[in-house]
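Asks: got a predicted structure plus its sequence, pasted below:
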Amino acid sequence: MEPMVITMAREYASGGSEIAQAVADKLGIPLYNKELITMAAKRSGLTEEAIAASETQRSGSLIYSLYMMGNTMPLADQVYILQSNVIKEVAAQGSCVILGRCGDYVLRDRPNVLRTFVYAPLEERIQRAKARPDVKDMSDRSWESQLAKHDRARASYYNYYTENRWGEAKNYDLCLNAALGLDACADLIVAAAKAMQAKG
């Protein structure tokens, strides 16, 4: 049977990362997040910093870049292709959770992929963002624009590299409001993954 892969996209500071970790722990499978950057860096000879920075940018057109190929391909496109290959590879190796990086789209042709999206009320996201270590003190209004900026970057990256719209319910199997509780969300994802596997 094909390994079970759970992909998760999430709003910034929604609690999605914590939910993804809880799902991986409950199922006893690895979670791939920053590890994908490390793996892509090892393969390409690029630094992890260069890869991380390029994740939030995109170039003019992927089709044009592919047409131009060679060394003229913008770094962001090279990184997207690199990470897509790494995602396909880890998915083929065994069950896992993949956080962000268009995982749902990269694995669109693969069976046994549960595509999830996590969102949360703005007030909760602001509180969660404020509680992170090393954050500077800002007003709630500043946090609001900060969160919107992060979400815009995620959406434009996703919308550019995929044929879908980021956060649009029909692109996912399960959209969850983290206000239900992080553990409750993790349990729902685990139950859906087990149901999908039983059906497959």
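Replies: Right, received. Where do you want to start? Computed from a predicted structure; not experimentally measured.
Asks: and the next helix or strand past the longest helix belonging to the chain?
Replies: In the chain, taking DSSP state H as the definition, the longest helix is helix 140-161. Next in sequence after helix 140-161, counting helices and strands by DSSP states H and E, comes strand 174-177.
Asks: buried set for that following strand?
Replies: 174-176 (16 or more other Cβ atoms under 10 Å). C-beta here means a position set from N, CA and C on the backbone, and glycine is covered the same way.
Asks: want to throw the residues you listed into JSON lines with pLDDT and distance to residue 135?
Replies: Formatted as JSON lines, these follow (pLDDT from 0 to 100; distance: Cβ to Cβ, whole Å):
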{"residue": "174", "pLDDT": "97", "distance to residue 135": "29"}
{"residue": "175", "pLDDT": "98", "distance to residue 135": "27"}
{"residue": "176", "pLDDT": "98", "distance to residue 135": "25"}
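Asks: mind listing what's buried along the longest helix of the chain?
Replies: Applying 16+ other Cβ under 10 Å to helix 140-161 flags 143-144, 146-147, 150-151, 154-155, 157-161 as buried.
Asks: farthest-separated two in these?
Replies: 143 and 161 (27.6 Å; Cβ to Cβ).
Asks: and residue 185, which helix or strand is it part of?
Replies: Taking DSSP H and E as the definition, one finds residue 185 inside helix 182-199.
Asks: same for that helix, what does it pack against?
Replies: strand 5-10, helix 16-27, strand 113-119, strand 174-177 (3 or more Cβ pairs under 8 Å, 6 or more residues apart in numbering; DSSP states H and E).
Asks: pLDDT on that helix, on average?
Replies: On average, the pLDDT along helix 182-199 is 95.
Asks: go on, stretch 91-102?
Replies: 96.
Asks: could you do stretch 36-56 as well?
Replies: 82.
Asks: how far does that stretch sit from its chain's centre?
Replies: 15 Å (Cα atoms, centre = their mean, to the nearest Å).
Asks: got a list of contacts for that stretch?
Replies: Defining contact as Cβ atoms under 8 Å, 6 or more residues apart in numbering, one finds that stretch 36-56 is touched by 75-76, 78-79, 82-83, 85-87, 90, 98, 101, 153, 157.
Asks: could the buried residues of strand 174-177 go into JSON lines alongside distance to residue 122?
Replies: Shown next, in JSON lines, are those (distance: Cβ to Cβ, whole Å):
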{"residue": "174", "distance to residue 122": "21"}
{"residue": "175", "distance to residue 122": "17"}
{"residue": "176", "distance to residue 122": "16"}
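Asks: having no further points to raise, I will conclude here.
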